[in-house]
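Engineer: sequence below, structure please.
(one chain, ligands or ions: 2)
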Amino acid sequence: SIAHFSTGMHPMWQGPLVAPGGNRQSPIDIRVRKSVFDPHLKPLTPDYDPGTCSQIWNNGYSFLVEYDDTTDKSILKGGPLEDNFRLCQFHFHWGESNAWGSEHTVDRRLFPAELHMVHWNSNKYRRFEEAVMEENGLAVIGVFLKIGKRHEGLQKLVDALPAVRHKDSVVEFTRFDPACLLPANIDDYWTYAGSLTTPPLTEAVTWIIMKQHIEVSHDQLAVFRSLLFTSAEEEVQKSMVNNFRVQQPLRGRTVRSSFT
Ligand SMILES: Cc1ccn(O)c(=O)c1
Ligand SMILES: [Zn+2]
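Structural biologist: Numbering: from 1, shown residues only. Ligands and ions are numbered 1, 2, ... in the order given. Now for the predicted structure:
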């Protein structure tokens, strides 16, 4: 079942439930049987340099692992993309329980969490802030998380999270290879035209949602839930959970698949 916010709990960042005039909003439910196989979709070719990893920031919505995007050292090409996209950050969305937490769903199936790796079009724009306002400005890889065995690569990140417990906290974080969070098979994905799922909700995103999930342990995900939406000064501390947006209408869009 789709998670129900307790009465009236619509966190500020949900913003308008549907962006005014938006006909390509995200997230969506991916109806597998309605997706269209596109034989022209190429394999995705991420090429990340762990040396560009710089810090972790709690921005009050999620925690962002940020990368130096002043050069083309960590890039994403191929798949549905015509241009070269630079990795700028990755973050997650998760629930207060393992029963829900993802933003996208597959035939209504919810996952406990979803990883988003955010890239911007460095052929067409000079910085993220420009690209986020443009139609083909961003490419976001989505990976579903399931509860299972411990993810060894994730543990270095989990161990750093207590240092960014409160909103606006930042900690140095280096030499993390984001490729370790991708599933073994990145050739099977769905792709569609959508939007950011947090303000400004701009319709700038080519979404690339991996068919294969990754596994993390129950204890690892529990550390995500120990983060706070609130800054150290605020009297009432609020756990950072359920930081996902409600699903949006498809409005006639086609979801393409890279596999049959
Ligand atoms: C740029 C951006 C901002 C927020 N979220 O959730 C995203 O997935 C991407
Ligand atoms: Zn996201």
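Engineer: three-state assignment of the residue in the stretch 1-150 of the chain positioned nearest to ligand 1?
Structural biologist: Nearest to ligand 1, among the residues of the stretch 1-150 of the chain, is His116, at 3.8 Å (C-beta to the nearest ligand atom). From N, CA and C alone the C-beta is placed, and that goes for glycine too. Assigned with DSSP: H, G, I helix; E, B strand; the rest coil, His116 falls in the strand class.
Engineer: what's near enough to touch it?
Structural biologist: Counting by C-beta atoms under 8 Å, 6 or more residues apart in numbering, His116 makes contact with Phe90, His91, Phe92, His93, Val140, Ile141, Gly142.
Engineer: ditto for Asp68
Structural biologist: Asp68 neighbours (C-beta under 8 Å, 6+ apart): Thr52, Cys53, Ser54.
Engineer: confirm Lys156 sits in a strand?
Structural biologist: No - Lys156 is assigned helix when assessed by three-state DSSP, not a strand.
Engineer: pLDDT at it, what is it?
Structural biologist: Note for Lys156: predicted pLDDT of 98.
Engineer: quick one: contacts for the nearest residue to it once chain neighbours are set aside?
Structural biologist: Excluding its sequence neighbours, the residue lying closest to Lys156 (C-beta to C-beta, 6 or more residues apart in numbering) is Phe176, at 6.3 Å. Taking C-beta under 8 Å, 6+ apart as the criterion, Phe176 is in contact with Pro50, Cys53, Val65, Lys156, Leu157.
Engineer: show me where pLDDT drops low in this structure?
Structural biologist: 1-20 (pLDDT under 70).
Engineer: close to ligand 1: what parts of it are there?
Structural biologist: His116, Val118, Val140, Leu196, Thr197, Thr198 (C-beta under 6 Å from any ligand atom).
Engineer: for Cys88, see how far away the second one is.
Structural biologist: By that I understand Val118. 6 Å (C-beta to C-beta, to the nearest Å).
Engineer: got it, and the fifth one?
Structural biologist: Thr197 sits 16 Å away from Cys88, going by C-beta to C-beta.
Engineer: just to revisit the earlier point, among the contacts of His116, which lie within strands?
Structural biologist: Among those, the members falling in strands (DSSP state E) are Phe90, His91, Phe92, His93, Val140, Ile141, Gly142.
Engineer: residue contacts, the fifth one?
Structural biologist: When the contact criterion is C-beta under 8 Å, 6+ apart, the partners of Val140 are His116, Met117, Val118, His119, Val205, Thr206, Trp207, Ile208.
Engineer: could you find the closest non-adjacent residue to the first one?
Structural biologist: Meaning His116. His116's closest residue in space is Val140 (C-beta to C-beta, 6+ apart), at 5.2 Å.
Engineer: distance check, that neighbour against Arg126.
Structural biologist: Looking at Val140 against Arg126, where the rule is C-beta to C-beta, the gap reads 20 Å.
Engineer: what's the farthest-apart pair in the contacts of His116?
Structural biologist: His93 and Ile141 (13.6 Å; C-beta to C-beta).
Engineer: do a quick rundown of the strands in the stretch 101-250 of the chain.
Structural biologist: Using DSSP state E, counting those that start in this stretch, the strands of the stretch 101-250 of the chain run over 105-106, 113-121, 138-147, 170-172, 189-194, 205-210, 214-216.
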